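Novice: what's the 3D shape of this:
(chains A and B, ligands or ions: 1)
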Amino acid sequence: MEKKGAEIIIETLEKKGVRLVSGIPGGSNLPIYDALSKSRKITHILARHEQGAGFIAQGIARTTGKAGVCIATSGPGVTNLLTALADAKLDSIPMIAITGQVASSLLGTDAFQEVDTYGLSLPITKHNFFIKNADEIEKTLFEAFWIAESGRPGPVLIDIPKDVQNQIIDFISMEDESRFEPKEEWNEEDLKKTAEKINRAQKPVLYIGGGVLSAEASQEIQTLSEKNSIPVVSTLMGLGAISSDHPLFSGMIGMHGAPCVNMMMEEADLIIVTGARFDDRATGKVDAFCKKASVIHIDIDKAEIDKIRKTDLYLAGDLKKIIGKLIPMIESSKRENWIQETEKLKKEHPMPFPKKKYHPASLIQRIGRELPDDAIIITDVGQHQMWTAQHYPFQKPRSFLTSGGLGTMGFGLPAAIGAALANPDKKIILFTGDGSFLMNIQELAVVHEWNLNITIIILNNRQLGMVKQQQELFFAKNYFASQFHYTPDFDSIGKGFGIRSIRIENETEEAKYFDDMIESKTPFLVEWMTDPDENVFPIVPPGKSNIEMIQE
Amino acid sequence: MKTAIIELTVRNHPGVMSHITGLFSRRAYNLEGIFVNRLKNTEKSRMLLAVEENEKISQIIKQLEKLHDVLEVSLRHDEKEELIRKMDEFLT
Ligand SMILES: Cc1ncc(C[n+]2csc(CCOP(=O)(O)OP(=O)(O)O)c2C)c(N)n1
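Specialist: Have a look, this model is predicted:
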């Protein structure tokens, strides 16, 4: 049957089960938009900035595990999208970006809105494609989804010139035959050795990361931990993989991690690293990290093995499968001594909690105690992000979305939109800062348009709090370019977007609106004024080892 | 300096060179020499990369293996080194 390239794109997306795409139209993707307008299966979310479109796709992907799809036009559409791609790459989030390109006849001529999309996206995607002929579209898209979702997930970009979108071909749809599974590298012998090491260890710790969530291996991790009584510590990206109330869960590791956790790592004689990659924010000074411990590293990405820390034993492959096979080989044990020791550390060196009642940490924790377990919590980047990671009582996998690897301010609002669109029956809460929120504030229009169940809490300290904190602690209080001379009235801005908005300045006002924040089912913006002098503690100074925490 | 040769079989298309050389620059690995040729009657190319033999090599190889367009990777210690040496004479 005769079909246009653009129609094949949309049909293939439908075939892959895509129901939502975000994007912004422009000269070189108009044929795609024309075809999209005729789809009955796909809903298009018109973002207000391509970075917003990219993070909306991420919000969908991070909550569902399936690739989020976004569309941009050539030139500025593409350059605007890049940050969201780089963010997805560093946090291993499956995502498909389809970009229009100038017509083939104009390629390489510096035509209007022509940029080197392929070259720009190459280092920040898992893979990228340039399509030369409409007969490559279906197969390439199938491949793109496989690459994005299989193994260690990541973003894939497909650049398609306008004439190829308009090209009419005699089209016969094929089966999706692409199968990319990463080469696994482990065997029965490795499993046996791993089990022996764990059984023999005196002070083992399970160190989990975002890979546990992508592999959907939370249950396996919990069973392993319970069977052999192994304390679990998590990176920022792994939070939610197991309930923070679980007796064997000890908390977050690293720069703003719990003191007891960093001390536990110092004591450990074995760390079992699963779906984590020894990021410097997690390890502190690497040479000083877990000095007494031998290391078993289990990860789908072989290139992470021995990259930062030399392992004693590794298994490169699917976590869910590997841990599943390991469990029956592990002895049941109560590990009374080690558990006693870790309980003591937890009691004596817990995550410090601010004494003031009107404090972001307190608000975050109380909201967490009231919301249902399946609520989805999103943050931007800065102090508010760390307070959320430290104090929100996460219960479920994929309930916490944050920009970990790239640390992108502006992530929050559009990611919350994606989460709300993909999870219409769940409560979505965004904790953001006044700095970060301004970076993608235009997407409030989308929140209003789709009447999304998002409560936005702007912890407004009228500054770039995390930067100011670093200047205070590490640059002799030389505050420069970190305090705003002017902060807009967010309450009015919210109203300007047609969103119910309030400002809270003290405990009494908070009490008045607290239930509303929990129960609201429609867009709700809360500007919550905070004391600019508050800092996030503990903090490991950059370049220092994790046990050199500053506690206040 | 001891040179090692990494041999790659890659999909042949205009972007593949960027993927390989981009990896080297982004991860700050030095590339000492490069030789590429299309394999006759196929959609594939063969590449020889001359790199310094050091502790980074296994990480380089693992990163190369991850590239979608790279079909095979191996580390050579044979007559191919001779080829690179000849090229060296030829080009300098
Ligand atoms: C796009 C981007 N630019 C700059 C930074 C550096 N940075 C990290 S945290 C931060 C301050 C964030 O301020 P705000 O969103 O108000 O949060 P707060 O720390 O006050 O809670 C800055 C500028 C960043 N992470 N991302």
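Novice: quick one, phi psi at A:Lys346?
Specialist: The phi/psi pair for A:Lys346 (degrees, to the nearest 10) reads phi -60, psi -40.
Novice: Next, the contact list for it, please.
Specialist: A:Ser250, A:Cys260 (Cβ atoms under 8 Å, 6 or more residues apart in numbering or on different chains). Heads up, the C-betas are built off the backbone N, CA and C, glycines and all.
Novice: per-residue pLDDT, it?
Specialist: Note on A:Lys346: pLDDT of 97.
Novice: Over to B:Lys80?
Specialist: Per-residue pLDDT puts B:Lys80 at 68.
Novice: Stretch A:469-488: which residues count as buried?
Specialist: For stretch A:469-488, the buried set under the neighbour-count rule, 16 or more other Cβ atoms under 10 Å in any protein chain shown, comprises A:Gln469, A:Gln470, A:Gln471, A:Ser482, A:Gln483, A:Phe484, A:Thr487.
Novice: biggest separation within the residues you listed, which pair?
Specialist: For the buried residues of stretch A:469-488, the farthest-apart pair by Cβ to Cβ is A:Gln470 and A:Thr487; their separation is 20.1 Å.
Novice: Closest residue of chain B to chain A?
Specialist: Residue nearest to chain A within chain B (Cβ to the nearest Cβ): B:Lys62, separated by 3.9 Å.
Novice: Surely that residue is in contact with A:Ala303?
Specialist: Yes - using Cβ atoms under 8 Å, B:Lys62 is in contact with A:Ala303, at 3.9 Å.
Novice: From chain B, how far out is A:Lys38?
Specialist: 32 Å (Cβ to the nearest Cβ, to the nearest Å).
Novice: Tell me how far that residue lies from A:Glu14.
Specialist: 11 Å (Cβ to Cβ, to the nearest Å).
Novice: now do A:Ile441
Specialist: Distance from A:Ile441 to A:Glu14, by Cβ to Cβ: 33 Å.
Novice: ok, now B:Phe24?
Specialist: As judged by Cβ to Cβ, B:Phe24 and A:Glu14 stand 40 Å apart.
Novice: A:Glu552 now?
Specialist: Distance, A:Glu552 to A:Glu14, using Cβ to Cβ: 56 Å.
Novice: Which of those two has more residues huddled nearby?
Specialist: The residue with more neighbours, out of A:Glu552 and A:Glu14, is A:Glu14; 14 against 8, by other Cβ atoms under 10 Å in any protein chain shown.
Novice: show me the contacts for the more buried one.
Specialist: Shown in contact with A:Glu14 (Cβ under 8 Å, 6+ apart): A:Ser39, A:Lys41, A:Ile42.
Novice: tell me which parts of chain B are close to the ligand?
Specialist: Within chain B, no position is adjacent to the ligand by Cβ under 6 Å from any ligand atom.
Novice: would you list every one of the strands in chain B?
Specialist: For chain B, strands defined by DSSP state E occupy the ranges B:3-11, B:33-38, B:44-52, B:70-76.
Novice: A:Gly5 against A:Glu138, yeah?
Specialist: No - assessed by Cβ under 8 Å, A:Gly5 is found out of contact with A:Glu138, at 10.0 Å.
Novice: residue ranges with poor pLDDT in the stretch 201-350 of chain A?
Specialist: Applying pLDDT under 70 to the stretch 201-350 of chain A flags no residue at all.
Novice: near the ligand, which residues of chain A show up?
Specialist: Within reach of the ligand by Cβ under 6 Å from any ligand atom, chain A has these residues: A:380-384, A:407-410, A:433-436, A:459, A:461, A:463-467.
Novice: re the thing from before, make JSON lines from the contacts of A:Glu14 and add secondary structure and pLDDT to it.
Specialist: Compiled in JSON lines, the contacts of A:Glu14 are given as follows (DSSP: H, G, I helix; E, B strand; the rest coil; pLDDT from 0 to 100):
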{"residue": "A:Ser39", "secondary structure": "coil", "pLDDT": "98"}
{"residue": "A:Lys41", "secondary structure": "coil", "pLDDT": "98"}
{"residue": "A:Ile42", "secondary structure": "coil", "pLDDT": "98"}
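Novice: And the helices in the stretch 1-150 of chain A?
Specialist: In the stretch 1-150 of chain A, the segments counted as helices under DSSP state H, counting those that start in this stretch are A:5-15, A:30-36, A:50-64, A:76-90, A:117-121, A:137-149.
Novice: Could you provide the ones you listed in TSV, with additional columns for distance to A:Gly498 and mean pLDDT?
Specialist: As requested, these are exported to TSV (distance: least, Cβ to Cβ, whole Å; pLDDT from 0 to 100):
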stretch	distance to A:Gly498	mean pLDDT
helix A:5-15	31	98
helix A:30-36	25	98
helix A:50-64	17	98
helix A:76-90	25	98
helix A:117-121	35	97
helix A:137-149	35	97
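Novice: Tell me which of the ones you listed sits most buried.
Specialist: Mean neighbour count, computed with mean count of other Cβ atoms under 10 Å in any protein chain shown, is highest for helix A:50-64 among the helices of the stretch 1-150 of chain A, reaching a mean of 30.
Novice: That one packs against which elements?
Specialist: With contacts defined as 3 or more Cβ pairs under 8 Å, 6 or more residues apart in numbering or on different chains; DSSP states H and E, the packing partners of helix A:50-64 are strand A:20-23, strand A:68-72, helix A:76-90, strand A:95-101, strand A:400-401, helix A:412-422.
Novice: Could you rerun that using 6 Å?
Specialist: strand A:20-23, strand A:68-72, helix A:76-90, helix A:412-422 (3 or more Cβ pairs under 6 Å, 6 or more residues apart in numbering or on different chains; DSSP states H and E).
Novice: would you list the ones you listed in TSV and tack on distance to A:Asp190?
Specialist: As requested, the helices and strands packed on helix A:50-64 are exported to TSV (distance: least, Cβ to Cβ, whole Å):
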stretch	distance to A:Asp190
strand A:20-23	41
strand A:68-72	35
helix A:76-90	28
helix A:412-422	37
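Novice: biggest helix in chain B, by residue count?
Specialist: helix B:79-91 (DSSP state H).
Novice: Show me which positions of it end up buried.
Specialist: Residues B:Leu83, B:Ile84 are the ones in helix B:79-91 that count as buried (16+ other Cβ under 10 Å).
Novice: what is the orientation angle of that helix with strand B:3-11?
Specialist: Orientation of helix B:79-91 against strand B:3-11 (axes from the mean of the first three to the mean of the last three Cα atoms, to 10 degrees) gives an angle of 100 degrees.
Novice: pLDDT-wise, which helix or strand of chain B ranks last?
Specialist: helix B:79-91 (a mean of 76; mean pLDDT, DSSP states H and E).
Novice: pretty sure A:Tyr220 is in contact with A:Ile322, am I right?
Specialist: Not quite, residue A:220 is Glu, not Tyr. No - using Cβ atoms under 6 Å, A:Glu220 makes no contact with A:Ile322, being 8.6 Å away.
Novice: And the strands in the stretch 401-550 of chain A, which stretches?
Specialist: Here the stretch 401-550 of chain A has its strands, by DSSP state E, counting those that start in this stretch, at A:428-433, A:454-460, A:500-504, A:524-529.
Novice: Just say which of those strands is most tucked in.
Specialist: Highest mean neighbour count of these: strand A:428-433, a mean of 28 (counted as mean count of other Cβ under 10 Å).
Novice: residue in the stretch 251-400 of chain A nearest to the ligand?
Specialist: Nearest residue of the stretch 251-400 of chain A to the ligand: A:Gly382, at 2.4 Å (Cβ to the nearest ligand atom).
Novice: List the contacts of that residue.
Specialist: Residues near A:Gly382 by Cβ atoms under 6 Å, 6 or more residues apart in numbering or on different chains: A:Gly433, A:Gly465, A:Met466.
Novice: Near chain A, which residues of chain B are found?
Specialist: Remark: the part of chain B in contact with chain A comprises B:Gly15, B:Ser18, B:Gly22, B:Arg26, B:Lys62, B:Gln63, B:Lys66, B:His68, using Cβ under 6 Å from any Cβ of the partner chain.
Novice: I am finished for the moment; much appreciated.
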